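1. got a predicted structure here, sequence first:
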Amino acid sequence: MISVAKLLFPSIIWSVNTEQPHIYLTFDDGPHPEYTPQILDILAAANAKATFFVVGEKAEAHPDIVRLALSEGHTLGIHSQTHCSLLFKTKRMLDYEIETSYNTLIRITSERPVYFRPPYGHFTPRLIKIIQENGMKMVMWTHMTYDFSVSVSDKNILHHISKNMSPGTIIVFHDGHILSQRTVSLLHDVIGIVHKHNMLCTKL
């Protein structure tokens, strides 16, 4: 399915075209007052970088965490204002979700976000056009970890990450989900797998 979508929507970033031994860790749905700082500490200890796709209303509630992530060298992207599906929305609603979160991040960081990831991975040609008109790039992923699903075991998450260790792979985790404590617990092992494959965790 993803391979078909790549052909139909070539402007979307599904992986990074690089020969460098880089894996791109991304975190969605934050910031969270408990989980995001823990993730930042783990990344800092490993000298690893990542990209955080933040939800506008959560960024407004925790601006210090957003600024902390930026100050520690990570990339910030937007993940809409309220984390609702953007399918079947009017242009007015799409403009609200995108422009409000865009302006929220500028207000907090004084920097313009470059990357956008749609909630739940839901997008339409209209949404892609609006993103481009706002000067941003839409980012999807190469590998979804399903760290938010109780039906996917820790063992399976780590196994599938190990199988997706090619340069330019974009991996999705979640730092703002009810199950994100599990993500925190797995992150040491994830970074260890990346290093075992002689790869580095970096940001978009």
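-> Perfect, I can see it now. What you see is a predicted model; the values in this text were computed from it and never measured.

2. Asp28 pairs with what?
-> On the basis of DSSP bridges, Asp28 takes part in beta bridges with Phe53, His174.

3. okay, buried residues for the helix ranked longest in the chain please.
-> With secondary structure taken from DSSP state H, the chain has its longest helix at helix 91-109. Using 16 or more other C-beta atoms under 10 Å as the burial criterion, the residues of helix 91-109 that qualify are Leu94, Tyr96, Glu97, Ile98, Thr100, Ser101, Tyr102, Thr104, Leu105, Ile108, Thr109. (Each C-beta comes from the backbone N, C-alpha and C, glycine too.)

4. my reading is that Gly176 lies in a helix. Confirm?
-> No - using DSSP: H, G, I helix; E, B strand; the rest coil, the secondary structure at Gly176 is coil, not a helix.

5. residue contacts, it?
-> Counting by C-beta atoms under 8 Å, 6 or more residues apart in numbering, Gly176 makes contact with Phe27, Asp28, Asp29, Gly30, Pro31, His32, Tyr35, Thr36, Val55, Lys58.

6. do that again at 7 Å, thanks
-> The neighbours of Gly176, taking C-beta atoms under 7 Å, 6 or more residues apart in numbering as the test, are Asp29, Gly30, Pro31, His32, Val55, Lys58.

7. if you rank those residues by neighbours, which is first?
-> Taking other C-beta atoms under 10 Å to define a neighbour, the member of the contacts of Gly176 with the most is Pro31, carrying 28 neighbours.

8. quick one: residues contacting that one.
-> For Pro31, the contact set (C-beta under 7 Å, 6+ apart) comprises Val54, Lys58, Ala59, His62, Ile65, Val66, Asp175, Gly176.

9. of those, buried ones?
-> Counted by 16+ other C-beta under 10 Å, the contacts of Pro31 give Val54, Lys58, Ala59, His62, Ile65, Val66, Asp175, Gly176 as buried.

10. dump those residues to a markdown table, plus distance to Val139.
-> As requested, those are exported to a markdown table (distance: C-beta to C-beta, whole Å):
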| residue | distance to Val139 |
| --- | --- |
| Val54 | 13 |
| Lys58 | 18 |
| Ala59 | 17 |
| His62 | 22 |
| Ile65 | 21 |
| Val66 | 18 |
| Asp175 | 16 |
| Gly176 | 17 |
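
11. alright, that wraps it up for me.
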